[in-house]
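>>> sharing a sequence plus its predicted fold:
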Amino acid sequence: MKLPSVKKSFAKRLTMWITVTLLIVMFVITLIVSALVKKAMTDEAEKRYQEAVERTNESISRLLSNVEVGVLNNVHDIEETLHEPEGLEIVLRDILECNPDIYGGSVALIPDYYPQKGHLYEPYMKRGKDGRLLTRQIADENHNYLEMEWFAKPLKTGKPYWSQPYYDDDGAQAPVCSYSYPVTDLQGKRVGVFGIDIRLDVLSEMLEKQDDEMNDRHAHRHVANEDLSYSELTHSFIIGHDGAYITFPDHSQLLKKNFYEEAKRTADKKDDEVVKDMIAGESGNKRLVFNGIDAFMYYAPLRSTGWSMVIVVPVESFYGPGDLLVSLVALFMFLTVIGINLIYRRDIARLTRPLTHFAVSAREIAKGNFETPLPQIDSEDEIGLLHNSFEHMQQSLTQYVEELKTTTASQAAIGRELELAGNIQKSMLPKKFPPFPERQDLDLFGLLTPAKAVGGDLFDFFIRDEHLFFCIGDVSGKGVPAAMLMTVTKHLFRAASSQEILPERIVTNMNTYMSEENDNAMFVTLFVGVLDLTTGNLCYCNAGHEAPLFLRQEPNEILVEANFPVGLMPGLSYLGQRLLMEPGAMLFFYTDGLTEAEDNLKNQFGKERLRTVIQELMTEGDVSPQKVVEKIEEAVKTFVGDAEQSDDLTMLALTYKGLSTH
């Protein structure tokens, strides 16, 4: 016997289960912590990017608002100076000097407004590279501003207008957006447009500064930012009211790409939803694929322009910090489990060492060596309690074995006595069939099968003065008490029937005797009948017993009065009944052990199944008492199968054949 392997096997299994349990617990905790961390960091990131959108939106809106205010404050001066062309340049100079955010401005007039200046006239002033203000008239046959958006829209609608981005070859000589305001003469006629230009690179610089700040927040990407394309980093841009890019990280795409048109070409429906929101001037955020990168897009409208401010955050950047923290938490959990496993492995090996000795002792005790010594245990922990339990078990087993020997001997004696009592009880019942072979007017057959060694069912019959006295009964309860009352009932029936001829008188006398000193409140259901063999008249009294079946064309129950069972209480009166049995008529009597016989599924044999078996016999024409009883016994055994018999089974069949010829 290699006991150390037993100890190690148990310790390993216990350690394994503890480790598995800890891993499961840690895994669940990691999932919960991961979810909470990612939720917190996601919420923080969403808040941060939303604030970035609002902050940048505010900065750009402030810049654009300054332009709008500058135009609004000076348009009156332009209109008052329309009578002298040179005055327009003075007003433009004042505007640019007071508004450093403005790159350039012009006043474009309707054709032939100043005939002396030519067909078209547009003085334009801008900032030079050295900061000086440069002025020139840029209208000529190559610069027909009449069809340009920034001129045509406000002149037609009479309202100010922010143009789409365009490259100004003549004036600004750079990508710009123009804010145009209609100019009217003293008669209120619209005669031109006052326009201010903002270079797109100014807006781009504002957004790039913000992008650098946001990307620097991610330390794990900061080092490699120089090696990543703009699409792999957080980046911002502005989209015009028709979808054109006013700013974009890749400057080469300016004036070439259109976000609205690109959204139509993709299968993704989310960018279509973003386009609808932008057109409606709404803000929001969506996760979508942008330029081939899975990203979050935050967007909000820029006031009064019809433009939209956009920040695109790659999902990797969005979740990266959270994933890193979750990985650190998972690593910490794993190292914790390993440490706990090592500690438990050492302690379990130490604690389970005494179990090896207990295994040896337990095997010896199992062989019957109850005096086997137990290992010495000095601790008062669970192992100490186990030692005390083993010691108590040894003492209890020794005592139990001795008591079992005595009990087994007593039960064997009781078994022999019950077997003898059962034989005596069976000998008291009629067992010779046919019971009256010399008579041709009567045929009887009975059967009693007790559920235990002794039972409480009974049947009996005898002939006196050409009258057949018979009974069948069922004592309440089981076992020896029921068997004793059955014996008393049988003798009382014989005694009462020797003095009376009416069944109701016989039952009444039996009840009087059995009710006296009936401390156990036991009773007997009883059917007593007296058949006049010369006439076929049957007198009977039923005391709470099952109604017998009368076999004629079909088996039917005879009418019985609802009398009380015998032995319940003294002073009861019992009613008798009459029935004429024609020659060939049969009565079938039984106890409830027949109809209440159960199979393994607790289904009962029942009265309907009993009638069916008898009807089949009547159809076959073989309805002798013995054949009926034996056929029903066979049907019950088949129905019950191997289920244990739960109650005594008793049957009695009686056929009256006519006048006696003995």
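Received, thanks.

>>> lowest-pLDDT helix or strand in the protein?
Here the helix or strand of the chain ranked lowest by mean pLDDT, DSSP states H and E is helix 219-222, holding a mean of 44.

>>> centre of the chain to whichever helix or strand comes after that one, how far?
The element immediately downstream of helix 219-222 (helix or strand, assigned by DSSP states H and E) is strand 235-239. With Cα atoms, centre = their mean, to the nearest Å as the basis, strand 235-239 stands 47 Å off its chain's centre.

>>> please name every helix or strand in contact with strand 235-239.
helix 3-80, helix 200-215, strand 245-247, strand 308-314 (3 or more Cβ pairs under 8 Å, 6 or more residues apart in numbering; DSSP states H and E). C-beta here means a position set from N, CA and C on the backbone, and glycine is covered the same way.

>>> repeat that for 7 Å
Applying 3 or more Cβ pairs under 7 Å, 6 or more residues apart in numbering; DSSP states H and E, we find strand 235-239 packed against helix 200-215, strand 245-247, strand 308-314.

>>> tell me the angle the first one makes with strand 308-314.
Read that as helix 200-215. Relative orientation of helix 200-215 and strand 308-314, computed by axes from the mean of the first three to the mean of the last three Cα atoms, to 10 degrees: 40 degrees.

>>> run through the strands of the stretch 51-200 of the chain in chain order.
For the stretch 51-200 of the chain, the strands defined by DSSP state E, counting those that start in this stretch cover 104-109, 123-127, 133-137, 161-162, 166-168, 174-184, 190-199.

>>> which residues does the fourth one contact?
Contacts of strand 161-162 from elsewhere in the structure, counted by Cβ atoms under 7 Å, 6 or more residues apart in numbering, are Trp150, Lys153, Pro154, Cys177, Tyr179, Ser180, Thr305, Gly306.

>>> pull the number of nearby residues for Gly128.
The number of residues packed near Gly128 is 8, by other Cβ atoms under 10 Å.

>>> distance-wise, check it relative to Gly104.
10 Å (Cβ to Cβ, to the nearest Å).

>>> with Pro583 instead?
Here the distance between Pro583 and Gly104 works out to 139 Å (Cβ to Cβ).

>>> who's more crowded, the two?
Applying other Cβ under 10 Å to Pro583 and Gly104 shows that Gly104 carries more neighbours, namely 25 against 11.

>>> what pLDDT does that one get?
Per-residue pLDDT puts Gly104 at 89.

>>> just Gly70 next, same as before
Model confidence at Gly70, expressed as pLDDT, equals 81.

>>> now do the same contact list for it.
Ile95, Asn99, Ile102, Ile196.

>>> bridged to the last one, which residues?
Beta-bridge partners for Ile196, by DSSP bridges, are Gly105, Tyr179.

>>> using CSV, write out the CA atom coordinates for stretch 77-85.
The C-alpha coordinates for stretch 77-85 follow below in CSV (Å, rounded to 0.1, in the frame of the first residue of the first chain):
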residue,chain,number,x,y,z
ASP,A,77,-19.0,102.8,-44.4
ILE,A,78,-18.7,100.9,-47.7
GLU,A,79,-22.2,102.0,-48.7
GLU,A,80,-21.5,105.7,-47.8
THR,A,81,-18.2,105.6,-49.8
LEU,A,82,-19.7,104.2,-53.0
HIS,A,83,-19.7,107.7,-54.6
GLU,A,84,-15.8,107.7,-54.7
PRO,A,85,-14.0,104.5,-55.6
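
>>> got the buried residues for it?
By neighbour count with 16 or more other Cβ atoms under 10 Å, stretch 77-85 contains the buried residues Asp77, Ile78, Glu79, Thr81, Leu82, Pro85.

>>> once you drop chain neighbours, what's closest to the fifth one?
Looking back up the chat, that one is Leu82. The shortest distance from Leu82 to any non-neighbouring residue, by Cβ to Cβ, 6 or more residues apart in numbering, is to Asp185 (5.9 Å).

>>> now do the fourth one
Closest residue to Thr81 in three dimensions, ignoring its sequence neighbours and counting by Cβ to Cβ, 6+ apart: Gly87, at 3.5 Å.

>>> count of neighbours near the one you found?
Residues near Gly87, counting by other Cβ under 10 Å, number 14.

>>> what is the burial count for the residue nearest to Gly536 when sequence neighbours are not counted?
Nearest residue to Gly536, sequence neighbours excluded (Cβ to Cβ, 6+ apart): Met581, at 4.5 Å. By other Cβ under 10 Å, 20 other residues sit near Met581.

>>> Ile246 now?
Number of residues near Ile246 (other Cβ under 10 Å) recorded here: 27.

>>> and if you look at the one 5 residues further on?
Burial measure for His251: 13 neighbouring residues, criterion other Cβ under 10 Å.

>>> do Glu402 as well
Counted with other Cβ under 10 Å, the neighbours of Glu402 add up to 10.

>>> for Thr489, same thing?
When counting by other Cβ under 10 Å, one arrives at 24 neighbours for Thr489.

>>> now the one 10 residues further on
Residues within reach of Gln499, counting by other Cβ under 10 Å, total 9.

>>> one more: Asn518?
Count around Asn518 with other Cβ under 10 Å applied: 15.

>>> again, but for the one 5 residues further on
Per other Cβ under 10 Å, the neighbour tally for Phe523 reads 23.

>>> again with Asn537
Residues lying near Asn537 (other Cβ under 10 Å) number 14.

>>> and it, what's its pLDDT?
On the pLDDT scale, Asn537 is placed at 96.

>>> so what's the backbone phi/psi at it?
When read as degrees, to the nearest 10, the backbone of Asn537 gives phi -70, psi 130.

>>> tell me the contacts of it?
Contacts of Asn537 by Cβ under 7 Å, 6+ apart are Arg578, Leu580.

>>> from Arg136, how far off is it?
According to Cβ to Cβ, Asn537 stands 149 Å off from Arg136.

>>> re the thing from before, distance to Asn600 and pLDDT added to the buried residues of stretch 77-85, as JSON lines?
Formatted as JSON lines, the buried residues of stretch 77-85 follow (distance: Cβ to Cβ, whole Å; pLDDT from 0 to 100):
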{"residue": "Asp77", "distance to Asn600": "111", "pLDDT": "88"}
{"residue": "Ile78", "distance to Asn600": "109", "pLDDT": "89"}
{"residue": "Glu79", "distance to Asn600": "110", "pLDDT": "89"}
{"residue": "Thr81", "distance to Asn600": "115", "pLDDT": "89"}
{"residue": "Leu82", "distance to Asn600": "115", "pLDDT": "89"}
{"residue": "Pro85", "distance to Asn600": "118", "pLDDT": "86"}
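
>>> closest to Val312 among the residues you listed?
Ile78 (40.4 Å; Cβ to Cβ).

>>> hmm, that closest one is touching Thr184, no?
No - with contact defined as Cβ atoms under 7 Å, Ile78 does not reach Thr184; the gap is 9.9 Å.

>>> returning to what we had before: for the helices and strands packed on strand 235-239, could you give me JSON lines that also reports distance to Leu255 and mean pLDDT?
Listed next are those as JSON lines, based on distance: least, Cβ to Cβ, whole Å; pLDDT from 0 to 100:
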{"stretch": "helix 200-215", "distance to Leu255": "9", "mean pLDDT": "80"}
{"stretch": "strand 245-247", "distance to Leu255": "8", "mean pLDDT": "83"}
{"stretch": "strand 308-314", "distance to Leu255": "17", "mean pLDDT": "87"}
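
>>> where does the residue in the chain sticking out farthest from the centre land on pLDDT?
Distance to the chain centre peaks in the chain at Gln116, reaching 89.4 Å (criterion: Cα atoms, centre = their mean). pLDDT for Gln116: 89.
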